[in-house]
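Participant: Sequence and predicted model, in that order:
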Amino acid sequence: MLELLRQAGKRPLSHAELKALIEGYSPTVAAEAAALADEARRAVYGDAVFIRGLIEISNICKNDCYYCGIRCGNAACRRYRLTDEEILSCCEQGYTLGFRTFVLQGGEDPAFSDERLCLLLTAIKRAHPDAAVTLSLGERSRESYEKLKAAGADRYLLRHETADREHYGRLHPAAMSYDERFRCLRDLRECGFQVGAGFMVGSPYQTTDTLAEDLQFIQDFRPEMCGIGPFIPHRDTPFRDFPSGSVDLTCYLLSLIRLLHPTVLLPATTALGTAATDGRERGIRAGANVVMPNLSPEVAKTNYQLYNNKLFTGAESAAEVDALRARMAAIGYTVVTDRGDHKNFA
Ligand code: 5AD
């Protein structure tokens, strides 16, 4: 297993090899993978941990993904949408606290038209020309992505969710399409975005084969960012009775992804921090180098519930950001005030 771990990133691994790595999981192998991943990350980004200020702009969504708490079919979800003024004030507050990336995330809410988003992007960039803006607003047309890029957006997160066509069909209603998802990712790249893909660990019907396909996709497409976190059931979704994904496996996969693709920006996700109290630290030690504290107002804290008991790692005050700095320093990493671009875009 150690030999195969050493090959990761040196040459493309086959589906069978990736599957063998996943199935070869043991605490010992995971510790070896984490040590190699840490070395690989330090060679590219040193001990830096990049922080992103997350702003959950709307929980209104036209999609009905079976795993997600803000799916349109969830009548129990109290819907909200932030105003442009609220979003700008979140950025203002975040900037003061040292954030140089703002992530605008939301459901696929038709109210966020290209026109509205472009005006908003222009306003954010005018106020904070040295900050990066990441969008995480789902599937849109190529023309829309072009306009958003031209208006100043730097990065776009769109998890692929699963690289296996059949598995994709079991996580999403028929109205959503695997081909369309990957069309979006290709278009985003061609428009010049730093692109984020990603998937949940332990999602219903996931197998080591589908996970090997996810790793193969990461290895081939080489997204600039990759969000992975454990699946956590939400009580008002069709997947309410499925078990949560494993924190250990998530951390091991973070290490594998770091090894396969050393320059990737890899967050220790909110889901990982929710599934274990030291989840984010464990993610960072496994090879992650990004954390995304929440800058959203109170309304989002209660209602942006993709899964139950979602952790709210706030950054409402300098004290909370200082506490995060201290937690990262305690395990040997340095939180930096920096846009934190991917190496090829820096
Ligand atoms: N558990 C964990 N992650 C989830 N997401 C959505 N629902 C859940 C859940 N129940 C993830 C999806 C989506 C991202 C914004 O959150 O991967 O792309």
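Facilitator: Nice, I can see it.

Participant: Up against the ligand, what does the stretch 201-346 of the chain have?
Facilitator: Of all the residues in the stretch 201-346 of the chain, those in contact range of the ligand (C-beta under 6 Å from any ligand atom) are 229, 231, 232, 234, 271, 306, 307. Yep, even glycine has a C-beta here, placed from its N, CA and C like the rest.

Participant: What helix or strand is the fourth one located in?
Facilitator: Assigned by DSSP states H and E, residue 234 belongs to neither a helix nor a strand.

Participant: Closest to residue 263 out of the residues of the stretch 201-346 of the chain next to the ligand?
Facilitator: Distance ranking of those against residue 263, using C-beta to C-beta, places residue 229 first at 20.6 Å.

Participant: which stretches of the stretch 1-150 of the chain form helices?
Facilitator: With DSSP state H, counting those that start in this stretch, the ranges of helices along the stretch 1-150 of the chain come out as 2-7, 15-23, 27-45, 84-96, 114-127, 142-150.

Participant: These into TSV, with extra columns for mean pLDDT, mean neighbour count and distance to residue 74?
Facilitator: Formatted as TSV, the entries for those read as follows, by pLDDT from 0 to 100; neighbours: other C-beta atoms under 10 Å; distance: least, C-beta to C-beta, whole Å:
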stretch	mean pLDDT	mean neighbour count	distance to residue 74
helix 2-7	96	13	41
helix 15-23	98	17	32
helix 27-45	98	18	35
helix 84-96	97	17	23
helix 114-127	98	16	25
helix 142-150	98	17	26
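
Participant: any chance of the ones you listed in JSON lines, plus distance to residue 319?
Facilitator: What follows is the helices of the stretch 1-150 of the chain, written out as JSON lines (distance: least, C-beta to C-beta, whole Å):
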{"stretch": "helix 2-7", "distance to residue 319": "40"}
{"stretch": "helix 15-23", "distance to residue 319": "40"}
{"stretch": "helix 27-45", "distance to residue 319": "27"}
{"stretch": "helix 84-96", "distance to residue 319": "13"}
{"stretch": "helix 114-127", "distance to residue 319": "24"}
{"stretch": "helix 142-150", "distance to residue 319": "34"}
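
Participant: which stretches of this structure aren't confidently modelled?
Facilitator: Per-residue confidence of the chain (counting by pLDDT under 70) places the weak regions at 314, 316.

Participant: same thing but 80
Facilitator: In the predicted model of the chain, residues 313-319 satisfy pLDDT under 80.

Participant: Now compare the residues of the stretch 201-346 of the chain next to the ligand and name the two farthest from each other.
Facilitator: Taking C-beta to C-beta, the two most distant members of those are 229 and 234; they sit 13.7 Å apart.

Participant: More neighbours: these two, which one.
Facilitator: Under the neighbour definition other C-beta atoms under 10 Å, residue 229 and residue 234 were set side by side, and residue 229 has more, 28 against 24.

Participant: In space, what's closest to that one - neighbours in sequence excluded?
Facilitator: Nearest non-adjacent residue to residue 229, counting by C-beta to C-beta, 6 or more residues apart in numbering: residue 271, 3.0 Å away.

Participant: what's near enough to touch the one you found?
Facilitator: For residue 271, the contact set (C-beta atoms under 8 Å, 6 or more residues apart in numbering) comprises 200, 229, 230, 231, 232, 306, 307, 310.

Participant: got it, and residue 116?
Facilitator: Contact partners of residue 116, counting by C-beta under 8 Å, 6+ apart, are residue 84.

Participant: list the contacts for the residue lying closest to residue 38 once chain neighbours are set aside?
Facilitator: The shortest distance from residue 38 to any residue other than its chain neighbours is 6.4 Å, reached at residue 287 (C-beta to C-beta, 6+ apart). With contacts defined as C-beta under 8 Å, 6+ apart, the neighbours of residue 287 are 34, 37, 38, 40, 41, 254, 255, 257, 258, 259, 266.
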